[in-house]
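# Quick check, what structure comes out for this input:
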Amino acid sequence: MNSFGAITGYVDLAQIVLYMFWLFFAGLIFYLVRENHREGYPMESDSLGRAVIKGWPIPDPKIFKLPGGRAATVPNLRQGEPPKAYAPTGASPGSPVEPTGDAMLDGVGPGGYALREDKAELNPHGEPVIRPLRAAAGFGVAPQDVDPRGLPVLGGDGKQGGTVADLWVDTTEMMFRYLEVDTGSRRVLLPMTFARIRRNAVEVSAVYGHHFAKVPGTRSADQVTKLEEDKITGFYGGGILYADPKRLEPKL
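Numbering: from 1, shown residues only. Alright, predicted model coming up:
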């Protein structure tokens, strides 16, 4: 009889290793579930609208040091949520919600956004990452590409919402992030992901021509904060569903 690794008549080395693996795996699951609660808690229950779900187990706060001597604590149980501008369509928990005001600005559904830091993203030199070409020396449009400056911006209804006045470049990723659109009364940003640049026009199917005047603005003419970016993108995202009442209807 081979007794290699046997400790007693019922326990051997392989069995101990198996138990150790089970303990390790259980600890790993606990750790992952705990870290998964680092963001997004506490939550509000759909059942009563007042019940607060704090989650379990919430990890101990972790402090991240940021440039400029600032710090961020995660989870941040004091962080608020965007203002509510919607109401459930039914009394049962989990019922769909619908906007109660301006659907394009209510932050509902595809137009949702998070309360990110209301400061511009900075590079290691303390300069804004995203800047218009007029404030970004050394950057420009490649000669083989269409320069959209001066082109009309057409909405999904074919009507003009403005004219491209400038381009905003991500100086770290070396790519254009936004088009600056002059609506006649103000200038707003248009994410490149929602624009299709033609040789004679810029087409945007997400919103209609008259919607460009309502795009959330920026405090600075040459900077955009992370919160402003989320609101701007949420506006165009909301337009995919709410720009026209017909878009709310089923496809079939």
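
# Quick one: mean pLDDT for stretch 192-211?
Average pLDDT, stretch 192-211: 97.

# Report the buried residues of it.
192, 194-195, 197, 201-202, 204-209, 211 (16 or more other C-beta atoms under 10 Å). Every C-beta, even on glycine, is put in place using the N, C-alpha and C of the backbone.

# Can I get stretch 189-206 in CSV, CA atoms only?
Listed next in CSV are the C-alpha coordinates belonging to stretch 189-206 (Å, rounded to 0.1, in the frame of the first residue of the first chain):
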residue,chain,number,x,y,z
LEU,A,189,-20.1,71.2,-28.7
LEU,A,190,-21.0,68.2,-30.9
PRO,A,191,-19.3,64.9,-30.1
MET,A,192,-17.5,63.5,-33.1
THR,A,193,-19.1,60.1,-32.5
PHE,A,194,-22.5,61.6,-33.3
ALA,A,195,-21.3,63.4,-36.5
ARG,A,196,-20.8,62.2,-40.0
ILE,A,197,-18.5,64.6,-41.9
ARG,A,198,-19.3,64.9,-45.6
ARG,A,199,-17.4,67.1,-48.1
ASN,A,200,-20.2,69.7,-48.1
ALA,A,201,-21.9,69.3,-44.7
VAL,A,202,-21.8,67.6,-41.3
GLU,A,203,-24.8,65.3,-40.7
VAL,A,204,-26.2,64.4,-37.3
SER,A,205,-29.0,61.9,-37.1
ALA,A,206,-29.4,61.9,-33.3
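
# so residue 63 sits in a helix?
No. According to DSSP: H, G, I helix; E, B strand; the rest coil, residue 63 belongs to no helix; its state is strand.

# could you pull out the strands for the protein?
Secondary structure of the chain by DSSP state E: the strands cover 43-44, 52-53, 62-65, 71-74, 86-88, 97-99, 130-132, 152-154, 160-170, 175-182, 187-191, 196-197, 202-203.

# quick one: low-confidence parts of the stretch 151-252 of the chain?
Scanning the stretch 151-252 of the chain for pLDDT under 70 picks out 251-252.

# Can you name the residues bridging to the nearest residue to residue 177 once chain neighbours are set aside?
Of all residues not flanking residue 177 in the chain, residue 170 sits nearest, at 4.9 Å (C-beta to C-beta, 6 or more residues apart in numbering). Per DSSP bridges, the residues bridged to residue 170 are residue 130, residue 175.

# who wins for proximity to residue 238 among the strands of the chain?
Among the strands of the chain, the nearest to residue 238 by C-beta to C-beta is strand 97-99 (8.5 Å).

# Partner strands of that closest one, with direction?
Using DSSP bridges, strand 97-99 pairs in its sheet with strand 86-88 (antiparallel).

# pLDDT averaged over the partner strand - what is it?
Per-residue scores along strand 86-88 average to 85.

# What are the contacting residues of that strand?
Strand 86-88 is touched from outside by 46, 95-100, 106, 108, with contacts defined as C-beta atoms under 8 Å, 6 or more residues apart in numbering.

# got it, and stretch 152-160?
In contact with stretch 152-160 (C-beta under 8 Å, 6+ apart) are residues 161-164, 179, 181, 190, 195, 201-212, 243-244.

# and what of stretch 218-236?
For stretch 218-236, the surrounding residues in contact (C-beta under 8 Å, 6+ apart) are 104-105, 107, 110-121, 128, 130-132, 134-135, 168, 178, 187-191, 194, 204, 206-207, 214-217.
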